[in-house]
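1. sequence and predicted model, in that order:
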Amino acid sequence: MSDYRIVAAGDSAIFVEFEERIDPGVNARTIAFADAIQAANLAGVRDVVPSYRSTAIYFDPLRTDSAALMTCVEREAVRPAPTLAAAAVPVRIPVCYGGDLGPDLPGVAAFAKAGEQDVVRWHADVTYRVFMLGFVPGFAYLGTVDDRIAMPRRSTPRLRVPSGSVGIGGIQTGVYPAGTPGGWQLIGRTPVKPFDPARDPPFLMKAGDAVQFYPIERREYDEWQ
């Protein structure tokens, strides 16, 4: 019995699904599979997009050899999962926690039955994995947060979350790269842009990266800005 599933999504895309859980090993396998499909450079394949535990493959049905695509998919999907290895240089992101930049920090502290500085320490002490990018360009889903601060999303999302806001949504954390609606608990803000089309590369983070947050004072945040 195979431990993956191929799901058709119309006539120009398929999804290859692995184990249904948020897990670094499953995610590493998903990303390795996506990289292998991309590297195969099959004619007609337009895009390969990995997520937590599945990969979407978009293709032109008029240019793609479906048999060759499926052969490649079935070959790469059964490869052993790669050994997890820490990123050589984690992406380090400065964060000014609390105050008007992190309005939900007191609520997360109450949820954790701890002080605000405890929340800051627990959030910044973890090296996170970029499981996937999505939602808007540059939004990286990072995990997993310390159980003590894994507060659920807000029951009513905000209509606009400021760019650079750092939030917690259950076991995930992330940085809003643009002013968008959002329901995560906002605990701080970074002056660093997760997505900048004028930068090369435009994305600060990619799937599989390691990320570390570190606290800065408001003065440093304002100077950076």
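-> Arrived safely, thanks for sending.

2. is it true that residue 192 lies in a strand?
-> No - assignment of residue 192 by DSSP: H, G, I helix; E, B strand; the rest coil gives coil, placing it outside any strand.

3. that one against residue 163, yeah?
-> No - in this structure residue 192 lies outside contact range of residue 163 using Cβ atoms under 8 Å: 10.5 Å. From N, CA and C alone the C-beta is placed, and that goes for glycine too.

4. tell me which element residue 117 falls in.
-> helix 116-124 (DSSP states H and E).

5. give me the mean pLDDT for that helix.
-> Average pLDDT, helix 116-124: 98.

6. quick one, what contacts residue 64?
-> Residue 64 is in contact with 42, 43, 44, 45, counting by Cβ atoms under 8 Å, 6 or more residues apart in numbering.

7. how's the protein carved up into domains?
-> When the chain is parsed with automatic domain parsing, its domains come out as 5-77, 91-224.

8. rewinding a little: what about the helix holding residue 117, distance to the chain center?
-> Relative to the chain's own centre, helix 116-124 is displaced by 21 Å; criterion: Cα atoms, centre = their mean, to the nearest Å.

9. centroid residue for the protein?
-> For the chain, residue 141 is the residue whose C-alpha lies nearest the centre (Cα atoms, centre = their mean; 2.3 Å).

10. can you tell me the SS state at that one?
-> Applying three-state DSSP: residue 141 is strand.

11. buried residues, whatever helix or strand residue 110 lives in. List them.
-> Element membership for residue 110 (DSSP H and E) is helix 105-112. Going by neighbour count (16 or more other Cβ atoms under 10 Å), the buried part of helix 105-112 is 105, 108, 109, 111, 112.

12. for the chain, give me the ranges with low pLDDT.
-> 1, 84-88 (pLDDT under 70).
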